[in-house]
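Undergrad: quick one, structure for this:
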Amino acid sequence: MRVITQQMLGGPEVLTIVDAPEPQPLPTEVLVRVKAIGLNPLEALLRAGEFPPLLGRPPFILGWDISGVVEEGPLTYRFRPGDEVFGMPLFPRAASAYAEVVSAPALHLARKPASLSHVEAAALPVVGLTAWQGLVDLAGVTEGDRVLVHGGGGGVGHVAIQIAKALGAHVIATASGGKRKFVEGFGADEVIDYTAVDFAEAVRDIDVVLDTIGGDTVERSLEVLRPGGHLVTAVAEDDSELVAKYEAAGMRFSGIAVDPDPVALRGLVELVEQGRLRVHVQETFPFERVADAHRLLDGGHLQGKLVLTV
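TA: Predicted coordinates:
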């Protein structure tokens, strides 16, 4: 099989395609013939050495989001050969998903909804599980809550808007002016153009803030929360000073450490099957053009996700 690997840290040009032996599944794993691979900003940071080394030093194979077809696995355990599946196996340990074949724990996969293509399914797990675990598991969003989603046009953001709406929340999202219609199309009740308006002056009495931006956005979000409100962040979870500041103000502060929770994955499947959740793919790239995809990933400001096809 072919895999995309790197021998050193650096720019997109360090990603190379090589031949490698197929992995051998363990007793509770299945072998998946990959059809599509979702790309995430974390992978660009790991490639460049700008993030704590989850995968150690090169050589390594990036990637977690996959959609594909089961080729091999225990016949009595969850899936059979031919089943179409998707998921985010093993995160934060290496899943080596930039590959034509991946061995993954069956528990970390779900059957692909028929309404999703492999490209769409591969785009969903990391962003969907991050949003679900932030809004459902950590924040416990319920009907009538006012939820502010920072970065509503991004991968996590556009999915979070839909999950919050499915929970019955009133959703406000920040996004650049050029993404207003895009964000409104996913159900946001209000959109704040952060390039023209200070969100901290535009909104008040927020029950839950979901942050995907980081920087001073996290600290300034304290100003918009109601007493006892909850800040959930996907990018500043280890900032002890911010935690102390929120707690001193009587607020809650939580960081998302996303994991391949099968219950949450099934929750995402249910929303998809109900027609209440879709994922936007900005662009697809063939396996051989992974470097081009990573150049776009490096540029940021994406609408939704990028996906490799295999």
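Undergrad: C-alpha from now on. contacts and neighbour counts both.
TA: Fine.
Undergrad: just give me the neighbour total for residue 245.
TA: Using other CA atoms under 10 Å, residue 245 has 15 other residues around it.
Undergrad: check which helix or strand covers it.
TA: Element membership for residue 245, per DSSP states H and E: helix 240-248.
Undergrad: mind naming the longest strand for this structure?
TA: Criterion DSSP state E: the longest strand present in the chain is strand 29-39.
Undergrad: list the contacts of the helix or strand that it is followed by.
TA: Moving toward the C-terminus from strand 29-39, the next helix or strand (DSSP H and E) is helix 41-48. Contacting residues not belonging to helix 41-48 are listed as 6, 9-12, 51-54, 62-63, 294, 297-298, 300 [CA atoms under 8 Å, 6 or more residues apart in numbering].
Undergrad: and the next helix or strand after helix 41-48, what does it pack onto?
TA: Next along the chain after helix 41-48, taking DSSP H and E as the criterion, comes strand 65-72. On a contact count with 3 or more CA pairs under 8 Å, 6 or more residues apart in numbering; DSSP states H and E, strand 65-72 meets strand 29-39, strand 84-87, helix 118-123.
Undergrad: pairing partners for the second one, with directions?
TA: Taking DSSP bridges as the criterion, strand 84-87 forms sheet pairs with strand 65-72 (antiparallel), strand 109-111 (antiparallel).
Undergrad: so which residues make contact with the shortest one?
TA: Put plainly, it is strand 109-111. Residues contacting strand 109-111 (CA under 8 Å, 6+ apart): 83-89, 262, 265-266.
Undergrad: from those, pick the one nearest residue 205.
TA: Taking CA to CA as the measure, residue 205 lies nearest residue 265 of these, at 30.7 Å.
Undergrad: returning to what we had before: centre of the chain to the helix holding residue 245, how far?
TA: 26 Å (CA atoms, centre = their mean, to the nearest Å).
Undergrad: in the helix or strand where residue 218 lies, what counts as buried?
TA: Assigned by DSSP H and E, residue 218 falls within helix 216-220. Across helix 216-220, burial judged by 16 or more other CA atoms under 10 Å covers residue 218.
Undergrad: quick check: next helix or strand after it?
TA: Downstream of helix 216-220, the first helix or strand assigned by DSSP H and E is strand 225-233.
Undergrad: now do that next one against helix 240-248, angle only.
TA: Using axes from the mean of the first three to the mean of the last three CA atoms, to 10 degrees, the inter-axis angle of strand 225-233 relative to helix 240-248 is 150 degrees.
Undergrad: in strand 225-233, what counts as buried?
TA: Neighbour-count burial for strand 225-233 [16+ other CA under 10 Å]: 225-226, 229-233.
Undergrad: can you give me the strands in the stretch 51-200 of the chain?
TA: Taking DSSP state E, counting those that start in this stretch as the test, the strands found in the stretch 51-200 of the chain are 65-72, 84-87, 101-105, 109-111, 146-149, 170-175, 190-193.
Undergrad: quick one: low-confidence residue ranges for the stretch 101-250 of the chain.
TA: 236-237 (pLDDT under 70).
Undergrad: repeat that for 80
TA: By pLDDT under 80, the weakly predicted segments of the stretch 101-250 of the chain are 236-239.
Undergrad: tabulate the strands of the stretch 51-200 of the chain (JSON lines), appending distance to residue 240 and mean neighbour count.
TA: As requested, those are arranged in JSON lines below (distance: least, CA to CA, whole Å; neighbours: other CA atoms under 10 Å):
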{"stretch": "strand 65-72", "distance to residue 240": "30", "mean neighbour count": "25"}
{"stretch": "strand 84-87", "distance to residue 240": "31", "mean neighbour count": "27"}
{"stretch": "strand 101-105", "distance to residue 240": "34", "mean neighbour count": "24"}
{"stretch": "strand 109-111", "distance to residue 240": "34", "mean neighbour count": "22"}
{"stretch": "strand 146-149", "distance to residue 240": "22", "mean neighbour count": "27"}
{"stretch": "strand 170-175", "distance to residue 240": "25", "mean neighbour count": "25"}
{"stretch": "strand 190-193", "distance to residue 240": "29", "mean neighbour count": "19"}
